[in-house]
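Peer 1: Fold the following, please.
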Amino acid sequence: MNPIKTITAAQICTLLRHLDAHTGTSHQRRLGIRNLAIALLMLDAGLRENEVSRLLVADLYWQGIPRETIEIRPEIAKYHVGGQIPTSIPLRAALTEYAIAWMPTNTLAAYDWAFWAHNIAYRLSTRQIRRMIHNAGTIALGIELNAHMLRHTFGDRLRRCTDIRTVQTLMRHRDIRSTMVYTHPDQADRSAAIASMSTPTEEPTG
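Peer 2: Reported below is the predicted structural model:
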């Protein structure tokens with residue numbers, strides 16, 4: 001089985017810094033706010049790009065405030081496996097900034113699309129999200145980055161800190177075999193396992 005492709009913690013920081021840049025025109029800064037929120041939905045909540053494209057305002061916000069859990073409706077999820085994903089602190093901050101920059105409260109309803117291309121008349125498409133992530137990876141990291149690598153990175157980070165059933169639930173995998181790809185140790189895992197072993201320094205007594 002081919003190993004899943006992920007990005008490192010250092011690459012995550014570099015990518016997010018690139019997206020969060022406060023330079024350029026006001027239009028460029030506004031796009032950066034949107035793109036940062038989208039990247040964090042994949043990195044910190046494991047959403048697929050087609051799911052992000054079809055999110056509604058109500059899935060992310062309650063009365064203009066980011067929800068503590070994101071609602072993934074079955075009708076937008078792969079295999080119709082929806083769920084509720086708790087929002088991380090960075091994701092909640094990004095969604096707050098996005099709401100301020102993109103969501104005029106007097107024109108949006110709960111069941112409007114959450115993400116748009118340039119104005120609220122055009123929903124951001126899956127293809128546009130893929131292109132945005134690819135371009136950010138090329139510029140910030142110098143690699144061929146695709147949107148699903150961010151979801152894989154979410155899954156890989158989860159398996160390092162929780163049990164496989166929790167990973168399955170948060171990844172919204174219908175079959176546990178899909179989750180098991182995240183259990184294959186890499187060189188860093190093997191090195192950490194060896195380093196964590198305690199070496200006996202004294203002969204046992206008794």
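Peer 1: does the closest residue in space to M132 that isn't next to it in sequence count as helix, strand or coil?
Peer 2: Excluding the flanking residues, the one nearest M132 by Cβ to Cβ, 6 or more residues apart in numbering is N35, at 5.5 Å. The way it works is simple: take the backbone N, C-alpha and C, and place the C-beta from them, glycine included. Here N35 is recorded as helix under DSSP: H, G, I helix; E, B strand; the rest coil.
Peer 1: Go ahead and confirm N35 touches A136.
Peer 2: Yes. Contact criterion Cβ atoms under 8 Å: N35 and A136 qualify, at 6.9 Å.
Peer 1: Overlap of the contact sets of the two?
Peer 2: L19 (Cβ atoms under 8 Å, 6 or more residues apart in numbering).
Peer 1: residues making contact with the strand or helix carrying T153?
Peer 2: Using DSSP states H and E, T153 sits in helix 147-159. Helix 147-159 has contacts (Cβ under 8 Å, 6+ apart) with 4-7, 12, 39, 42-49, 129-130, 133-134, 166-167, 170-171, 179, 182-183.
Peer 1: Low-confidence ranges, this protein, go.
Peer 2: Residue ranges of the chain with pLDDT under 70: 1-2, 105-108, 119-121, 185-186, 189, 193, 198-206.
Peer 1: ok, now which ones touch K5?
Peer 2: K5 is in contact with M149, H152, counting by Cβ under 8 Å, 6+ apart.
Peer 1: Please enumerate the strands of this protein.
Peer 2: 61-62, 65-66, 69-72, 83-86 (DSSP state E).
Peer 1: Dump the ones you listed into JSON lines; add distance to I143 and mean neighbour count as well.
Peer 2: Listed next are the strands of the chain as JSON lines, based on distance: least, Cβ to Cβ, whole Å; neighbours: other Cβ atoms under 10 Å:
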{"stretch": "strand 61-62", "distance to I143": "33", "mean neighbour count": "15"}
{"stretch": "strand 65-66", "distance to I143": "30", "mean neighbour count": "16"}
{"stretch": "strand 69-72", "distance to I143": "27", "mean neighbour count": "18"}
{"stretch": "strand 83-86", "distance to I143": "26", "mean neighbour count": "16"}
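Peer 1: Those strands into JSON lines, with extra columns for distance to T25?
Peer 2: Listed next are these as JSON lines, based on distance: least, Cβ to Cβ, whole Å:
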{"stretch": "strand 61-62", "distance to T25": "27"}
{"stretch": "strand 65-66", "distance to T25": "26"}
{"stretch": "strand 69-72", "distance to T25": "30"}
{"stretch": "strand 83-86", "distance to T25": "33"}
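Peer 1: Relative to D175, which of those strands is closest?
Peer 2: For D175, the closest of those is strand 83-86, at 14.8 Å, according to Cβ to Cβ.
Peer 1: measure the nearest residue to M42 once chain neighbours are set aside to V52 for me?
Peer 2: Among residues not flanking M42 along the chain, L150 sits closest, at 3.6 Å (Cβ to Cβ, 6+ apart). Distance, L150 to V52, using Cβ to Cβ, to the nearest Å: 10 Å.
Peer 1: same question, N146
Peer 2: N146 is 14 Å from V52, by Cβ to Cβ.
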